[in-house]
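Peer 1: Okay, sequence plus prediction incoming.
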Amino acid sequence: MSASTDFADFKKIASPQTEARARGDYSHYRVVPARYPARTVGTVFSLVIIAAVLNSVLGNPRWGWDVFAEWFFAAPVLEGLARTLVLTLLGALFGFAFGTVLALARVSRSPLLSGLSWTYIWIFRSIPLIVLLLILNNLGYLYETVWLGVPYTDITFFSYATTQLISPFTAAVIGLALNQAAFASEIIRGGILSVDQGQLEAAAALGLPRTHQARRIILPQAMRTILPTAFNDIIGLAKGTSNVYILALPELFYTIQVIYRRNLEVIPLLMVATVWYLIILTVLSIVQAQVERHFARGALRNPPPTLLSLLLARLRPHQTAQEVTERRAEAAERGTAPTLPAMGSGLHGRVSAVSEVRRQAAAFPRRQGAVGEITIHQVSKSFGHLKVLDDVTLSVAAGSVTAILGQSGSGKSTLLRAINHLERVDDGFIAIDGELVGYRQEGDTLYELKERDILRRRIEIGMVFQTFNLFPHLTALENVIEAPMAVRGIGRAEAEAEAHDLLARVGLADKALAYPRQLSGGQQQRVAIARALALKPKVLLFDEPTSALDPELVNEVLDVIKELARSGTTLVIVTHEIGFAREVADQVVFMERGRVLETGTPEKVFNRPDHVRTAEFLAKVL
Ligand SMILES: Nc1ncnc2c1ncn2[C@@H]1O[C@H](COP(=O)(O)OP(=O)(O)OP(=O)(O)O)[C@@H](O)[C@H]1O
């Protein structure tokens with residue numbers, strides 16, 4: 001048989017599927033998921049166990065399912081259930097509200113407040129709940145009246161008999177809440193401690209007030225750690241409400257006990273309580289999953305889909321690749337398609353995006369009559385016995401660019417953080433445009449500013465960190481608008497417009513809604529720059545802005561800084577990028593062991609250093 005005959009025969013017997021495949025149409029394919037024999041054995045084993053348990057529970061008449069059905073919705077049981085739910089809700093609500101206050105007091109810098117909080121937690125975690133409930137129920141014996149007024153005067157706002165004010169129900173709510181608060185505060189404190197230190201510094205560097213830092217930055221991130229334990233605790237509380245039987249309050253379990261003592265149907269009635277507790281637990285678990293999901297924003301690169309979105313995706317008609325292409329073409333025609341190339345999407349994407357950054361960043365406004373002159377005068381700082389800054393004196397002209405070089409551990413970052421007062425100096429002073437950083441001068445006396453005032457002054461000094469320190473639970477846009485809205489009091493619409501503008505200038509117009517973990521290192525650092533710029537600072541400090549980056553991404557960030565340098569903002573940059581410093585800096589500072597060894601123009605320091613150590617260092621790094 002010849003080859004040509006073969007081919008002709010093949011064409012004759014070709015099925016519709018073969019022809020479709022030849023056209024590149026694979027839609028008829030059936031997808032068969034991979035098989036895992038061990039998983040199948042496990043599933044079969046689980047089914048057998050479930051069937052055996054169901055058979056034993058439903059097939060045995062001694063479980064008394066008819067009695068169960070009779071009492072499951074009985075009025076006294078439902079009343080008891082309602083009381084259990086109300087006690088759980090109020091106990092959790094007041095307990096966690098008070099627990100949050102206790103946790104914040106415990107981590108506060110006031111030793112008295114922290115000590116008070118510690119003592120409360122110590123006492124209330126030690127007292128058994130039943131004892132606490134009994135004490136509250138007998139408060140009338142200790143204090144006949146509850147009274148509020150001005151002592152040693154006749155002024156009385158109210159006065160009630162204690163027994164009239166504290167009913168068994170009120171005693172139960174107060175007791176549960178006080179007990180819950182002691183445990184909740186430790187759960188919340190654990191969450192607060194789990195938040196990265198860099199996040200606190202980034203919020204402080206933006207000048208956000210302390211309450212705002214706690215509410216918007218720290219607690220939302222702490223929630224991821226808090227929630228699983230907190231829900232455990234609430235479930236414990238729901239079951240622990242049975243302790244209020246001591247006050248003769250008929251909650252669910254107490255009601256069940258009263259009933260089975262009368263009719264002696266112990267097991268069926270215990271099952272009534274068990275199934276209701278199971279239902280409460282299931283509802284709480286569903287709520288927990290939703291709340292956890294909400295607070296997981298930005299924590300995962302690819303968050304799993306919600307049940308609702310899965311359902312909607314199933315209902316939505318399937319979109320073919322061709323339809324997707326057609327829609328993109330339509331959007332491009334309407335001008336709604338993203339016009340900026342995505343950074344990091346292949347070599348071509350990167351090259352065109354970098355030139356886009358250059359073009360857009362050239363639009364940074366130049367300042368007329370630059371501000372932001374920095375004076376550092378005889379500054380010293382020690383950590384224990386280690387003198388990290390030793391009599392540092394330095395002057396940075398307004399609108400200039402200063403690059404700080406030096407070996408690791410020479411005190412560069414500490415100096416930068418001192419300019420921002422993230423580090424308090426021991427000696428000397430730092431001033432910006434003649435205004436002291438962190439202090440108020442009266443005559444010859446310097447008064448350290450309160451934190452609120454320091455935060456307000458920090459608005460003038462932007463800072464970009466080595467490890468970006470973006471707020472991971474906020475999108476790029478939200479990271480940028482947070483401080484202008486909170487600190488400068490700008491309205492959301494205006495702040496968003498400015499933020500879009502800034503993100504476009506750093507080449508990230510199409511990434512406004514991405515969370516930091518969905519961005520590359522270079523992109524994250526550019527968002528951090530946009531975030532610092534949003535407050536329109538006089539001075540911008542960069543702490544090794546490219547050292548955490550892949551060499552390929554370094555230029556993305558350096559390009560943006562170069563454009564900033566031309567805009568007239570005062571820049572101080574700790575860097576190991578010698579070529580960049582040579583190109584951009586007006587002044588180069590070389591530090592060694594906490595001292596400034598030499599300063600000068602790049603031309604002088606790099607070509608004719610005065611100090612032998614500078615020459616040695618440059619010889620190593622160049
Ligand atoms: N909070 C601190 N407690 C104790 N020692 C510290 C603290 N912060 C910094 N140091 C020490 O101070 C010295 C200077 O640190 P700094 O971070 O300023 O150095 P650097 O020149 O920026 O170094 P690198 O280039 O490696 O970042 C180091 O020896 C460091 O161990």
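Peer 2: Happy to help now that I have it. Numbers count the residues shown, from 1 in each chain.
Peer 1: In three-state terms, label Pro609 for me.
Peer 2: Classification of Pro609 using DSSP: H, G, I helix; E, B strand; the rest coil returns coil.
Peer 1: Val572 belongs to a helix?
Peer 2: No - judged by three-state DSSP, Val572 forms no part of a helix; its state is strand.
Peer 1: how near is it to Val480?
Peer 2: For Val572, the distance to Val480 equals 22 Å [Cβ to Cβ, to the nearest Å]. From N, CA and C alone the C-beta is placed, and that goes for glycine too.
Peer 1: for Leu249, same thing?
Peer 2: Counting by Cβ to Cβ, the gap from Leu249 to Val480 is 53 Å.
Peer 1: Same question for Ser380.
Peer 2: 36 Å.
Peer 1: who has more neighbours, the two?
Peer 2: Set side by side, Ser380 and Val480 show more neighbours around Val480, with 31 against 17, by other Cβ atoms under 10 Å.
Peer 1: State the helix or strand in which the more buried one lies.
Peer 2: Here Val480 sits within helix 476-487, counting by DSSP states H and E.
Peer 1: need the next SSE after that helix, C-terminal direction.
Peer 2: The helix or strand immediately downstream of helix 476-487 is helix 492-505, counting by DSSP H and E.
Peer 1: returning to what we had before: list of residues touching the helix holding Val480?
Peer 2: For helix 476-487, the surrounding residues in contact (Cβ atoms under 8 Å, 6 or more residues apart in numbering) are 206-209, 212, 216, 455-456, 459, 470-471, 474, 490-492, 495-496, 498-500, 502-503, 508, 511-516, 519, 527-528, 530-531, 534-535.
Peer 1: Of the residues you listed, which belong to strands?
Peer 2: Using DSSP state E to define strands, no part of the contacts of helix 476-487 is located there.
Peer 1: from these, which would you call buried?
Peer 2: Among the contacts of helix 476-487, those scoring as buried are 206-208, 212, 216, 455, 459, 470-471, 474, 490, 495-496, 498-500, 502-503, 508, 511-512, 514-516, 519, 527-528, 530-531, 534-535 (criterion: 16 or more other Cβ atoms under 10 Å).
Peer 1: Please save the CA atoms from stretch 277-287 in PDB.
Peer 2: Taking C-alpha atoms only, stretch 277-287 is exported to PDB below (Å, rounded to 0.1, in the frame of the first residue of the first chain):
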ATOM      1  CA  TYR A 277     -24.900  24.000  70.000                       C
ATOM      2  CA  LEU A 278     -23.800  22.400  66.700                       C
ATOM      3  CA  ILE A 279     -26.000  24.800  64.800                       C
ATOM      4  CA  ILE A 280     -24.700  27.800  66.700                       C
ATOM      5  CA  LEU A 281     -21.100  26.600  66.000                       C
ATOM      6  CA  THR A 282     -21.800  26.100  62.300                       C
ATOM      7  CA  VAL A 283     -23.200  29.600  62.000                       C
ATOM      8  CA  LEU A 284     -20.200  31.000  63.900                       C
ATOM      9  CA  SER A 285     -17.800  29.100  61.600                       C
ATOM     10  CA  ILE A 286     -19.500  30.500  58.500                       C
ATOM     11  CA  VAL A 287     -19.300  34.000  59.900                       C
END
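Peer 1: In that stretch, which residues are buried?
Peer 2: Buried-residue list, stretch 277-287, by 16+ other Cβ under 10 Å: Tyr277, Ile280, Leu284.
Peer 1: One more: stretch 238-256?
Peer 2: Using 16+ other Cβ under 10 Å as the test for burial, stretch 238-256 gives 238, 240-247, 249-256.
Peer 1: What are the boundaries of the strands in the protein?
Peer 2: 145-149, 156-161, 374-383, 386-396, 401-406, 427-432, 435-436, 439-442, 445-448, 461-464, 539-543, 570-574, 587-592, 595-600.
Peer 1: Now do the third one: which elements does it pack against?
Peer 2: So the one you mean is strand 374-383. When contacts are defined as 3 or more Cβ pairs under 8 Å, 6 or more residues apart in numbering; DSSP states H and E, strand 374-383 sits against strand 386-396, helix 412-419, strand 427-432.
Peer 1: Let's have those in CSV, adding mean pLDDT.
Peer 2: CSV is the format used below for these (pLDDT from 0 to 100):
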stretch, mean pLDDT
strand 386-396, 93
helix 412-419, 94
strand 427-432, 88
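Peer 1: Which of those has the highest mean neighbour count?
Peer 2: The highest mean neighbour count among the helices and strands packed on strand 374-383, using mean count of other Cβ atoms under 10 Å, belongs to helix 412-419: a mean of 23.
Peer 1: can you give me the offset of that one from its chain's centre?
Peer 2: Mean-position distance between helix 412-419 and its chain equals 26 Å (Cα atoms, centre = their mean, to the nearest Å).
Peer 1: Could you list the residues of the stretch 351-500 of the chain in contact with the ligand?
Peer 2: Counting by Cβ under 6 Å from any ligand atom, the residues of the stretch 351-500 of the chain close to the ligand are Phe383, Leu386, Val388, Gly406, Ser408, Gly409, Ser410, Gly411, Lys412, Ser413, Thr414.
Peer 1: please redo it, this time with the cut-off set to 5 Å
Peer 2: Phe383, Val388, Ser408, Gly409, Ser410, Gly411, Lys412, Ser413, Thr414 (Cβ under 5 Å from any ligand atom).
Peer 1: By mean pLDDT, which helix or strand of the chain comes out lowest?
Peer 2: Within the chain, confidence by mean pLDDT, DSSP states H and E is lowest for helix 346-361 among all helices and strands, at a mean of 33.
Peer 1: Ile578 touches Lys620, doesn't it?
Peer 2: No - judged on Cβ atoms under 8 Å, Ile578 makes no contact with Lys620 at a distance of 10.5 Å.
Peer 1: where's Gln288 relative to the ligand, distance?
Peer 2: Applying Cβ to the nearest ligand atom, to the nearest Å, the value for Gln288 to the ligand is 38 Å.
Peer 1: Once you drop chain neighbours, what's closest to that residue?
Peer 2: Phe231 (4.3 Å; Cβ to Cβ, 6 or more residues apart in numbering).
Peer 1: Can you pull the poorly scored residue ranges out of this protein?
Peer 2: 1-35, 300-305, 316-369 (pLDDT under 70).
Peer 1: how far away is Gly190 from Ser408?
Peer 2: 34 Å.
Peer 1: Look at these two and report which has more neighbours.
Peer 2: Between Gly190 and Ser408, counted using other Cβ under 10 Å, the more crowded position is Gly190 (14 against 7).
Peer 1: wait, isn't that one in contact with Thr229?
Peer 2: Yes - taking Cβ under 8 Å as the definition, Gly190 is a contact partner of Thr229 at 7.4 Å.
Peer 1: Quick check: phi and psi at His385.
Peer 2: In terms of degrees, to the nearest 10, the main-chain angles of His385 are phi -90, psi -10.
Peer 1: right, I mislabeled it, should have said Asp586
Peer 2: Per-residue torsions, Asp586: phi -90, psi -30 (degrees, to the nearest 10).
Peer 1: Then His611?
Peer 2: On the backbone of His611 - angles per degrees, to the nearest 10 - the values are phi -100, psi 140.
Peer 1: cool, Arg608 as well?
Peer 2: Main-chain dihedrals, Arg608, degrees, to the nearest 10: phi -130, psi 60.
Peer 1: can you pull the contacts of the spatially most central residue of the chain?
Peer 2: Computing the C-alpha centroid of the chain and ranking residues by Cα atoms, centre = their mean puts Gln221 first, at 3.2 Å. Contact analysis of Gln221 by Cβ under 8 Å, 6+ apart lists Val195, Asp196, Gln199, Phe471, Pro472, His473.
Peer 1: what does Leu470 give?
Peer 2: So Leu470 contacts Ala202, Ala476, Asn479, Pro516, Gln524, Val527, Ala528, Arg531 (Cβ under 8 Å, 6+ apart).
Peer 1: so what's it closest to, chain neighbours aside?
Peer 2: With Cβ to Cβ, 6+ apart as the criterion, Leu470 has its nearest non-adjacent residue at 4.0 Å, and that residue is Pro516.
Peer 1: Verify the stated contact: the one you found with Leu508.
Peer 2: No - using Cβ under 8 Å, Pro516 makes no contact with Leu508, being 11.5 Å away.
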